[in-house]
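>>> how does the following fold in three dimensions:
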Amino acid sequence: MPSRKKTSMFASAFCTCVSSFVVICVVLATPRWVSSEVRFSRTGSNVTISLTYGLFSGTCEQFVEAGLQVSKTTFQVAEALGSSSSSRSLNVATIVVLVLALLSSLLSSAFTCTNSVSNPYQTFLGPVGVYTWNCLCG
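Numbering: from 1, shown residues only. You can find the predicted model right below:
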């Protein structure tokens, strides 16, 4: 049985890994990453366009005059990026990095949970692997 100090260290690392897993899941599920409002003013009319981009989908709303609203339009971000390869590659890279972070935090939480109750310690990539996965998870 591991000592109380090492058990508490691995248990706190497990809590940290699980909380980072939850944060990454929330980031992937958040529908509003970027939002903006554009206001046009002309004599006799005011128009406000509200755009909201998420990782996978976005919305566009248009408000005309005092309270008149044109229906909300939902669009897919990948289609809206069009043929711009730099924008599309940035979106794909963001998704890939988030998925890798999700997997590393899941793996790190599994190792720290196992190590909090087992003796000898189970490592991946040697003794330094425990600290490596926790740093990657963080």
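>>> and the spatially most central residue of the chain, what is it in contact with?
For the chain, residue 27 is the residue whose C-alpha lies nearest the centre (Cα atoms, centre = their mean; 2.7 Å). Residue 27 makes contact with residue 98, according to Cβ atoms under 8 Å, 6 or more residues apart in numbering. Any C-beta I mention is one placed from the backbone N, CA and C, and that applies to glycine too.
>>> what about 10 Å?
Residue 27 makes contact with 33, 55, 94, 98, 101, 102, according to Cβ atoms under 10 Å, 6 or more residues apart in numbering.
>>> save those residues as TSV, and put in distance to residue 112 too.
Below are those laid out as TSV (distance: Cβ to Cβ, whole Å):
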residue	distance to residue 112
33	30
55	28
94	27
98	21
101	16
102	16
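>>> surely residue 91 is in a strand?
No: Residue 91 is assigned helix when assessed by DSSP: H, G, I helix; E, B strand; the rest coil, not a strand.
>>> count the residues that sit near it.
17 (other Cβ atoms under 10 Å).
>>> over to residue 21?
Applying other Cβ under 10 Å, we find 19 residues neighbouring residue 21.
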